[in-house]
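Asks: The following block contains a protein sequence and its predicted model.
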Amino acid sequence: MRRRLMAVLALAMATPTLAETVAIRTTRLLADPRAGQPVPATLIVEGQRITAILAVDAALPAGARLVDLGSATVVPGLIDSHVHITSDPGRGPIYAVTVPPERHVAIGAKNALLTVRAGFTTVRDLGSAPLTAMALRDSIREGELPGPRILASGPAISIIGGHGDVSGFRPEVVEALSGGNTCTGPEQCMARVREAARRGVDTIKITATGGVLSQQARGLEKHFTDAEMRAIVETAISLGLKVAAHAHGDSGIAGAAAAGAVSIEHGTFMRAETMKLMRARGTWFVPTLMATQGLVDRVGKSIYTPVVEVKARQAIDAWGKALAEAVRAGVPIAFGTDAGVFEHGRNGEEFALMVEKGGMTPRAALVSATVGAATMLGLDAEIGTLAPGKIADIAAFAGDPLADPRALTKPVFVMAAGRIIPMN
Ligand SMILES: [Zn+2]
């Protein structure tokens with residue numbers, strides 16, 4: 001296995017042009033994680049797409065370059081529905097006033113490579129300075145940088161003084177840093193959605209409740225009115241956009257789900273009644289258990305301000321409880337981590353937390369990061385499973401992810417939209 005791995009890595013050093021035909025051979029292909037066991041097969045990739053799945057011993061197309069992955073388990077490229085690709089963890093409030101958005105793009109390029117090397121070939125970025133994640137998105141799409149496909153929201157739409165607003169500084173500093181992303185009343189909130197659409201976002205993010213890491217001490221319950229959230233969702237849908245709602249407190253979760261948000265992010269204090277509503281409406285739950293791991297790693301170490309410490313301890317107390325109950329209640333689950341609150345590249349550690357804290361099977365956790373997330377994003381015709389005609393987003397792992405969720409933390413091979421990713 002080791003020698004074979006080295007050969008694979010050597011091959012990967014020379015990134016192919018997209019015109020090349022690549023044959024990916026394995027004794028363990030799990031093309032659709034929803035059912036069945038891995039089988040021997042050879043995937044044929046031409047350009048960005050899978051063109052055929054052949055028997056493992058079939059003759060290869062003329063001129064095809066063979067990548068033999070031995071007994072590594074080959075799965076669809078993983079999807080993280082909640083990242084902050086331009087952010088790194090543990091930056092104090094001073095960071096916001098000292099680091100310009102131009103540098104966020106460079107930090108994001110570093111994080112994009114760490115993310116795709118972890119086997120994640122698609123991410124939804126739910127909160128970055130205007131245009132930064134979109135610049136990365138476009139560069140990766142054009143092949144200028146290695147990284148995952150990015151769907152970006154830009155700054156979250158927030159109430160004045162809410163989780164997505166600037167707070168904790170003197171008023172004139174707040175004024176200078178304000179991103180124009182707050183709104184009051186349905187009309188102003190509709191305008192913010194339209195402005196985001198004009199800038200070219202792929203999705204809308206709102207902060208339906210307070211948040212743990214912002215310097216505001218206004219709790220973790222509902223911030224927007226129901227009328228504001230309805231206006232945001234209705235406007236987004238009219239422009240072909242879905243709304244992801246950051247929400248910790250149950251009042252905000254219920255309000256966002258009732259307004260028609262596609263997903264609830266975090267869902268920390270979700271109650272049974274709200275789970276019933278989400279199941280009935282098909283609202284996705286993105287549990288981000290790794291965000292709480294990030295808090296556990298940093299709380300009590302003088303990294304957070306006192307305002308943040310209080311909220312962090314509340315979130316840690318509730319860690320995983322809502323997911324376990326939501327799984328039993330039949331709420332649809334999409335994989336998301338909040339990478340940026342912890343170190344990018346550790347995204348795959350979420351799988352073991354979903355199994356151990358949330359009571360999911362390893363298979364259900366893998367489905368949430370492939371077919372599940374792809375369906376939530378509206379991309380299931382292109383990604384989420386491996387089949388002829390689909391985009392060649394492919395990850396391979398040593399071991400059996402259906403038995404051990406930790407197998408999904410260290411890929412041995414990644415292909416993103418037909419490009420082999422250099423792994424070191
Ligand atoms: Zn987040």
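Replies: Done, it's in.
Asks: Could you pull out the strands in the stretch 51-200 of the chain for me?
Replies: Read by DSSP state E, counting those that start in this stretch, the stretch 51-200 of the chain holds these strands, from start to end of the chain: 65-68, 73-76, 78-83, 120-125, 149-152.
Asks: Let's have those strands in a markdown table, adding mean pLDDT, mean neighbour count and distance to G294.
Replies: Heads up, the C-betas are built off the backbone N, CA and C, glycines and all. Supplementary listing: these in a markdown table, determined by pLDDT from 0 to 100; neighbours: other Cβ atoms under 10 Å; distance: least, Cβ to Cβ, whole Å:
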| stretch | mean pLDDT | mean neighbour count | distance to G294 |
| --- | --- | --- | --- |
| strand 65-68 | 96 | 16 | 34 |
| strand 73-76 | 98 | 26 | 25 |
| strand 78-83 | 98 | 30 | 12 |
| strand 120-125 | 98 | 30 | 16 |
| strand 149-152 | 98 | 25 | 21 |
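Asks: Is it possible to get a markdown table of these that adds distance to I264?
Replies: Formatted as a markdown table, the strands of the stretch 51-200 of the chain follow (distance: least, Cβ to Cβ, whole Å):
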| stretch | distance to I264 |
| --- | --- |
| strand 65-68 | 39 |
| strand 73-76 | 24 |
| strand 78-83 | 11 |
| strand 120-125 | 14 |
| strand 149-152 | 17 |
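Asks: and K301, which of the ones you listed is closest to it?
Replies: strand 78-83 (23.5 Å; Cβ to Cβ).
Asks: so what does the closest one touch, helix or strand wise?
Replies: Using 3 or more Cβ pairs under 8 Å, 6 or more residues apart in numbering; DSSP states H and E, the elements in contact with strand 78-83 are strand 120-125, strand 284-286, helix 373-377.
Asks: For the ones you listed, could you give me TSV that also reports distance to S153?
Replies: Below are the helices and strands packed on strand 78-83 laid out as TSV (distance: least, Cβ to Cβ, whole Å):
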stretch	distance to S153
strand 120-125	6
strand 284-286	13
helix 373-377	12
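Asks: before we move on, back to that, out of the strands of the stretch 51-200 of the chain, flag the one nearest L30.
Replies: L30 sits nearest to strand 73-76 of all the strands of the stretch 51-200 of the chain, at 5.1 Å, using Cβ to Cβ.
Asks: quick one, which of the strands of the stretch 51-200 of the chain is nearest to T292?
Replies: Using Cβ to Cβ as the criterion, the shortest distance between T292 and the strands of the stretch 51-200 of the chain is 12.8 Å, found for strand 78-83.
Asks: chain center to that closest one, what's the gap?
Replies: Distance of strand 78-83 from its chain centroid, counting by Cα atoms, centre = their mean, to the nearest Å, is 2 Å.
Asks: by how many degrees do that strand and strand 120-125 diverge?
Replies: For strand 78-83 against strand 120-125, the angle by axes from the mean of the first three to the mean of the last three Cα atoms, to 10 degrees is 20 degrees.
Asks: out of the strands of the stretch 51-200 of the chain, nearest to I421?
Replies: In terms of Cβ to Cβ, the element of these nearest to I421 is strand 120-125, at 8.6 Å.
Asks: packing partners for that closest one?
Replies: Strand 120-125 sits against strand 78-83, strand 149-152, helix 373-377, strand 411-416, with contacts defined as 3+ Cβ pairs under 8 Å, 6+ apart.
Asks: Take the ones you listed and lay them out in TSV including distance to K222.
Replies: Below are these laid out as TSV (distance: least, Cβ to Cβ, whole Å):
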stretch	distance to K222
strand 78-83	20
strand 149-152	26
helix 373-377	23
strand 411-416	38
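Asks: Low-confidence stretches in the stretch 301-424 of the chain?
Replies: Nowhere does the stretch 301-424 of the chain drop to pLDDT under 70.
Asks: switch the cut-off to 90
Replies: Within the stretch 301-424 of the chain, the segments meeting pLDDT under 90 span 302-308, 310-311, 314, 424.
Asks: could you pull out the helices for it?
Replies: Listed in chain order, the helices of the stretch 301-424 of the chain (DSSP state H, counting those that start in this stretch) span 306-317, 321-329, 350-356, 362-367, 373-377.
Asks: May I see the ones you listed organised as CSV, with distance to P401 added?
Replies: Putting the helices of the stretch 301-424 of the chain into CSV (distance: least, Cβ to Cβ, whole Å) gives the following:
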stretch, distance to P401
helix 306-317, 28
helix 321-329, 18
helix 350-356, 8
helix 362-367, 6
helix 373-377, 15
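Asks: quick one: contacts of stretch 312-331?
Replies: By Cβ atoms under 8 Å, 6 or more residues apart in numbering, the surrounding residues in contact with stretch 312-331 are 212-213, 220, 248, 267-270, 272, 275-276, 278-279, 283-285, 287, 289, 291-292, 295-296, 298-299, 304, 333, 353-354, 357-360, 364.
Asks: before we move on, what about stretch 224-236?
Replies: Outside of stretch 224-236, the residues that reach it under the criterion Cβ under 8 Å, 6+ apart are 157, 159, 183-187, 189-190, 192-194, 197, 204, 206, 208, 242-243, 245, 252, 255-256, 258-261.
Asks: At which residues are the helices of the stretch 101-250 of the chain located?
Replies: Counting by DSSP H, counting those that start in this stretch, the helices of the stretch 101-250 of the chain are 101-117, 132-141, 171-177, 186-199, 226-238, 250-259.
Asks: Tell me how far stretch 189-206 lies from the chain's centre.
Replies: Taking Cα atoms, centre = their mean, one finds the center of stretch 189-206 at 19 Å from the center of the full chain.
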